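1. Return atomic coordinates for the entry below.
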Amino acid sequence: FQWINKKFSVFASPFLAFINATLISKIFNHHHFIEKNTYITGLLYIVLVSFFNGFYLTNNVFITHTFIILAISELLRLRKAELTNSKIFNAAFLFGVACCFYHPFIFCIPLLYIMIRVFQPFVLRDFFLMLSGLIVPFIYLLAISYIKNTKVSFSFFGKTNYDPLNTEMIFLFAFLFLFILISIYAILTKEQKTTVKLRKLFTILIYWVVIGIGLGLVELIVNNSSSIFSICIIPLSFVFTYGFVSKKWIMPTAILFYALLIFSFVTFFI
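-> Predicted coordinates:
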């Protein structure tokens with residue numbers, strides 16, 4: 001059974017990565033982060049996430065990527081929906097599913113409510129809608145566990161073998177740091193054209209970066225694991241795209257990207 005599960009994980013990983021990349025590109029274009037459609041956002045996600053083991057052998061962290069992306073999509077749609085009840089519930093539900101796969105997300109529930117407040121004023125009803133959406137996945141999890149007569153154990157920062165901090169990860173973080181500097185400068189030079197709504201969209205992405213870095217640092221200290229840092233790849237893919245559309249910075253951005261792509265191929269075959 002374990003052999004079948006491992007084989008399934010190997011074949012499932014590329015399909016899951018393709019789905020995630022497609023969703024990211026669709027969100028980026030649908031919400032008009034830039035004036036014209038582009039698919040570099042999804043490509044960036046594929047290249048950057050290829051440094052993590054979940055890209056080759058599906059694990060719980062990589063599965064959470066899909067639900068995080070879907071949750072971000074629901075949060076960003078709050079600004080367009082006249083009736084936001086379903087969007088709040090859906091975002092919380094998807095976040096709850098992510099918590100079922102990676103339990104430490106539970107500590108980030110307050111940040112989820114703050115993200116909702118970015119678009120919505122304080123309404124007590126929204127708070128209870130969020131709690132309802134969060135609870136439903138756990139009800140299903142406990143129900144399935146009861147039917148199968150299995151025990152559900154909630155472990156926080158337990159021992160894992162995912163992505164230990166090594167030279168490859170250090171190089172990746174160095175590349176990401178350079179990407180961030182270039183992309184932020186490209187965004188700031190477009191500040192006069194940035195609308196209030198677009199700033200709110202970026203605020204949501206910043207919160208997800210904070211979640212990824214915060215949980216990643218804890219995992220790094222406790223388990224010497226860097227896998228949860230891969231969550232930062234999702235929002236940063238949106239940000240890095242601005243380096244490619246900036247006429248002034250497209251050349252250094254392209255050089256960095258191709259260097260990262262070559263490094264990814266080299267590390268894969270070594």
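2. hey, where'd the helices end up in the stretch 1-150 of the chain?
-> Residue ranges of the helices in the stretch 1-150 of the chain, as given by DSSP state H, counting those that start in this stretch, are 2-30, 40-49, 60-76, 85-101, 109-119, 124-147.
3. can you pull out the helices in the stretch 151-270 of the chain?
-> 167-189, 196-223, 233-245, 250-269.
4. What residues of the last one count as buried?
-> Within helix 250-269, the residues that qualify as buried by neighbour count (16 or more other CB atoms under 10 Å) are 253, 256-257, 260, 263-264. Any C-beta I mention is one placed from the backbone N, CA and C, and that applies to glycine too.
5. try the longest one
-> Residues of helix 196-223 classed as buried under the neighbour-count rule (16+ other CB under 10 Å) are 198, 200-201, 204-205, 207-209, 211-212, 215-216, 218-220, 223.
6. what's the spacing between Leu261 and Leu44?
-> 10 Å (CB to CB, to the nearest Å).
7. Over to Arg117?
-> With distances taken as CB to CB, Arg117 is found 29 Å from Leu44.
8. Which one's more surrounded, the two?
-> More crowded of Arg117 and Leu44, by other CB atoms under 10 Å: Leu44, with 25 against 13.
9. Tell me who's in contact with that one.
-> 237, 240-241, 257 (CB atoms under 8 Å, 6 or more residues apart in numbering).
10. Out of those residues, flag the one nearest to Ile109.
-> For these, the residue nearest Ile109 by CB to CB is Ser237; the value is 24.2 Å.
11. of all the helices of the stretch 151-270 of the chain, which lies closest to Leu23?
-> Nearest of these (CB to CB): helix 233-245, 9.6 Å.
12. and the angle for the closest one with helix 196-223?
-> 130 degrees (axes from the mean of the first three to the mean of the last three CA atoms, to 10 degrees).
13. Report the rounded mean pLDDT for helix 233-245.
-> The pLDDT scores in helix 233-245 average 85.
14. Kindly reformat the buried residues of helix 250-269 as TSV containing distance to Thr150.
-> Converted to TSV, the buried residues of helix 250-269 look like this (distance: CB to CB, whole Å):
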residue	distance to Thr150
Thr253	49
Leu256	47
Phe257	45
Leu260	42
Phe263	42
Ser264	38
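15. Tell me where this protein is predicted with low confidence.
-> For the chain, the stretches flagged by pLDDT under 70 are 1-10, 79-83, 152-165, 190-195, 267-270.
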